[in-house]
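>>> Need a 3D model of the sequence below.
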Amino acid sequence: MRGRGDGRVLPEIRALDPVDDAERIGRLSAGVDFPWDTRRAYEVALLKTFAVPRDARRLVATGAFLEHTAKRFDDTVAVIATLGLEGLDAPEGRAALRAMNRAHAPHAIPGDAYRYTLALFVLEPIRWNARFGWRPLAPEERSASFHFWREVGRRMAIPDLPDSLEALIAEADAFEAREVRYDPANRALFDATLDEVLRRAPGGAWSRGPAARRAARWSVAALVGPRHREALGLARPPAGWTAALEAGLRARAAVQRRLPARRDVAPVPPLPTYPDGIDWSRVGPTDAPAPERA
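Coordinates of the predicted model:
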């Protein structure tokens with residue numbers, strides 16, 4: 001088997017401008033070459049946002065995430081996937097931005113917290129690719145990710161957005177050193193999210209049993225790194241677990257390199273909360289009733 005080499009989309013990506021064509025580059029990179037990897041990286045980013053006590057305590061206090069974990073999880077996926085796949089100016093992209101701003105409007109969220117969350121959605125896919133990508137990201141892909149999410153931040157009216165990827169990294173590192181630490185609220189959000197992920201996993205009752213939960217906690221602890229592991233209240237994985245997990249993900253990348261290149265953009269993943277398609281009037285905190293099913 002010849003394998004995919006650099007894939008089908010990299011030549012086009014290299015011919016595009018990472019500022020003017022940031023959306024197109026992101027759609028080709030995340031949607032065609034790295035849909036699975038990008039989704040895993042965004043999941044790591046979401047978990048890392050739970051490691052900031054002041055933000056975690058606010059989420060716990062509202063009750064929305066703990067009481068409606070499945071919906072909040074699906075809302076997050078719906079917004080992020082739609083922005084990336086549809087674009088910021090498409091009708092669906094504008095609806096996603098409105099829903100995200102509506103969800104944040106009731107809360108006095110500091111600018112540095114907004115910028116840190118934005119940074120995670122830029123940096124975690126880059127970091128995941130460096131560890132487990134079937135091909136390295138091109139400079140145009142890394143730059144386009146920064147410019148795309150910076151534009152999202154501008155449309156959210158986030159103040160003092162960094163002007164470069166390097167400045168974003170520096171601010172995120174400083175924020176983590178200052179703000180990431182353990183709090184019981186962090187662990188409460190993590191446990192609720194893990195329960196939801198395992199509830200959806202294949203394997204029936206086994207995937208929700210103690211062995212699966214242990215393996216999931218060890219895997220997350222290995223992927224997020226020591227600082228966030230401690231902030232989420234997770235134990236250090238057993239000796240050899242991290243190495244085995246990383247070896248497995250690198251083996252997956254080696255298999256991916258040998259497969260035929262993907263041709264189509266991956267769709268928004270299935271969302272149990274919205275089985276008939278995303279209803280943007282219900283995304284985010286809302287009292288709108290769920291539609292009746294036939």
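
>>> check which helix or strand covers residue 140.
In the assignment (DSSP states H and E), residue 140 maps to helix 139-155.

>>> hey, where'd the helices end up in the stretch 101-250 of the chain?
Secondary structure of the stretch 101-250 of the chain (DSSP state H, counting those that start in this stretch): helices at 111-132, 139-155, 165-179, 184-200, 210-224, 226-231, 241-258.

>>> Surely residue 237 and residue 218 touch.
Yes: the criterion here is Cβ atoms under 8 Å, and residue 237 meets it with residue 218 at 4.0 Å. Where C-beta positions appear, they are placed from N, C-alpha and C, glycine not excepted.

>>> which residues do the two both contact?
Here residue 237 and residue 218 share the contacting residues residue 245, scored by Cβ atoms under 8 Å, 6 or more residues apart in numbering.

>>> Give me the distance between the residue minimising distance to the centre of the chain and residue 121.
Computing the C-alpha centroid of the chain and ranking residues by Cα atoms, centre = their mean puts residue 42 first, at 1.6 Å. Here residue 42 is placed at a distance of 7 Å from residue 121 (Cβ to Cβ, to the nearest Å).

>>> Which neighbours do these two have in common?
Shared contacts of residue 42 and residue 121 (Cβ under 8 Å, 6+ apart): residue 80.

>>> Stretch 249-269: which residues count as buried?
Of all the residues in stretch 249-269, those buried under the rule 16 or more other Cβ atoms under 10 Å are 249, 253, 256, 262, 266, 268.

>>> which residues does residue 172 contact?
115-116, 119-120, 123.

>>> Let me fix that, I meant to ask about residue 197.
Per Cβ under 8 Å, 6+ apart, neighbours of residue 197: 43, 73, 216.

>>> neighbour-wise, which of the residues you listed leads?
Neighbour counts for these (other Cβ atoms under 10 Å) peak at residue 73, which has 21 neighbours.

>>> Now that one: which helix or strand?
Under the criterion of DSSP H and E, residue 73 resides in helix 69-86.

>>> now residue 17
Under DSSP H and E, no helix or strand contains residue 17.

>>> Can you give me the separation between it and residue 166?
Using Cβ to Cβ, residue 17 is found at 19 Å from residue 166.

>>> Compare neighbour counts for these two and give me the winner.
Per other Cβ under 10 Å, whichever of residue 17 and residue 166 has more neighbours is residue 17, with 13 against 10.

>>> For the more buried one, give me the pLDDT.
In this model, residue 17 is scored at 98, pLDDT.

>>> And stretch 47-60, end to end?
14 Å (Cα to Cα, to the nearest Å).

>>> what does that stretch rub up against?
The contact list for stretch 47-60, computed with Cβ under 8 Å, 6+ apart, reads 65-66, 107, 109, 113, 116-117, 120, 124, 179-183, 185-186, 188-190, 193, 220, 224, 227-228, 231-232.

>>> any low-confidence regions in the stretch 151-294 of the chain?
Within the stretch 151-294 of the chain, the ranges that satisfy pLDDT under 70 run 202-208, 286-294.

>>> hmm, which of the contacts of stretch 47-60 are the buried ones?
Looks like the contacts of stretch 47-60 have 65-66, 113, 116-117, 120, 124, 179-180, 183, 185-186, 188-190, 193, 220, 224, 228, 231-232 buried, using 16+ other Cβ under 10 Å.

>>> ok, the residue nearest to the centre of the chain - contacts?
Residue 42 neighbours (Cβ under 8 Å, 6+ apart): 80, 121, 124-125.

>>> one step back: wait, which of the helices of the stretch 101-250 of the chain is closest to residue 94?
Nearest to residue 94, of all the helices of the stretch 101-250 of the chain, is helix 139-155, at 9.3 Å by Cβ to Cβ.

>>> what does that closest one contact?
Outside helix 139-155, the residues that touch it by Cβ under 8 Å, 6+ apart are 13-14, 16, 18-19, 21-23, 25-26, 29, 83-84, 88, 97, 114-115, 118, 121-122, 125-126, 161-162, 164-165, 168.
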